[in-house]
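[1] What follows is a predicted protein model with its sequence.
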Amino acid sequence: MPPADPDQETGPLRRCIVTRETLPKEAMLRFVLSPDGVVVPDVAARLPGRGMWVKSAPGLLEQAMKKGAFARAAKAQVEVPPELVAQATQLLRARLADSLGLARRAGQAVSGFQKVREALVEGRVALLLEAGNGSPAERARLLGGHAAVVVMALDTDVLGRVFGREIAAHVAVMPGRLAQAIAADAQRLEALGIPA
C-alpha cells in the first residue's frame, strides 16, 4: 500500500454559502435553522438540521447576513437576527473556555507565570493563551525570546475561572487534540473580528 499523501485532505469538507469554496469543517462556522425559521450558530456542529456553512474569514458572516445567503441556502424564508455575530462570538468563547477546562483537567494545561515559563523553556507548549486584557510588557517578558503560538481570545477573569482563580493571565496548553481544537476555535474567533 502506498504511503498517504500528507497534503491530501482527509477530513470532511463543506461548501461556504458565500464564497462557494469547499473547505474543512474546522475552517468554517456552521449555522442551522431553528424550528421557527431563525438562523442559529452551531459552533460545535452538532445541532440537528441541514447545516449552512460560512468560511471563517473577516466580514464573510456579515456579508452572508446582508446578501440573503442564508435564505438561498435554506431555500426558504429565514429570520437572521441582527446579533448573529455576537451570538457566534459568545458561543465560541464559551467553547474555548470549556476546551481549556478539559485540557486543565487532563493535565495538558498550566497557568501562572512560573509554570508557563518552565513549559516554554522545556519546549512543551503547543499553544500559549494570553489574557486579551493582560500586559503586553509582561507577555514579552514571559516569552523572553521563545517562539510560541499566542492566542488572546479570553480575558483574565475567564482564564481565572477555568483555573479556579480570580484571574489568570498566562496559560500554556501542551500538544494534543485539545490544543488543536482550541487553536481552531481561536482562529474562528479571529475571523469574526475578535482578537485571537
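    All right, it came through fine.

[2] First-to-last residue distance for stretch 12-30?
    Stretch 12-30 has its terminal residues 13 Å apart, counting by CA to CA, to the nearest Å.

[3] Not counting the longest strand belonging to the chain itself, show me its contacts.
    The residue-count maximum for a strand in the chain (DSSP state E) belongs to strand 28-33. Residues outside strand 28-33 that contact it (CB atoms under 8 Å, 6 or more residues apart in numbering): 14, 16, 39-43, 45, 47-56, 61, 70, 74, 76, 78, 84, 88, 188, 191-192. (Each C-beta comes from the backbone N, C-alpha and C, glycine too.)

[4] List buried residues within these.
    14, 16, 39-43, 51-56, 61, 70, 74, 78, 84, 88, 188, 191-192 (16 or more other CB atoms under 10 Å).

[5] What pairs with the longest strand of the chain, parallel or antiparallel?
    Strand 28-33 pairs in its sheet with strand 39-41 (antiparallel), strand 52-55 (antiparallel), by DSSP bridges.

[6] what is the rounded mean pLDDT of the first one?
    Read that as strand 39-41. The pLDDT scores in strand 39-41 average 97.

[7] Mind listing what's buried along stretch 81-99?
    84, 85, 88, 89, 91, 92, 93, 95, 96, 97, 99.

[8] can I get the residues you listed in JSON lines with secondary structure, pLDDT and distance to residue 147?
    Shown next, in JSON lines, are these (DSSP: H, G, I helix; E, B strand; the rest coil; pLDDT from 0 to 100; distance: CB to CB, whole Å):
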{"residue": "84", "secondary structure": "helix", "pLDDT": "95", "distance to residue 147": "36"}
{"residue": "85", "secondary structure": "helix", "pLDDT": "93", "distance to residue 147": "32"}
{"residue": "88", "secondary structure": "helix", "pLDDT": "94", "distance to residue 147": "31"}
{"residue": "89", "secondary structure": "helix", "pLDDT": "92", "distance to residue 147": "28"}
{"residue": "91", "secondary structure": "helix", "pLDDT": "94", "distance to residue 147": "31"}
{"residue": "92", "secondary structure": "helix", "pLDDT": "93", "distance to residue 147": "26"}
{"residue": "93", "secondary structure": "helix", "pLDDT": "92", "distance to residue 147": "26"}
{"residue": "95", "secondary structure": "helix", "pLDDT": "94", "distance to residue 147": "27"}
{"residue": "96", "secondary structure": "helix", "pLDDT": "93", "distance to residue 147": "22"}
{"residue": "97", "secondary structure": "helix", "pLDDT": "93", "distance to residue 147": "25"}
{"residue": "99", "secondary structure": "helix", "pLDDT": "95", "distance to residue 147": "23"}
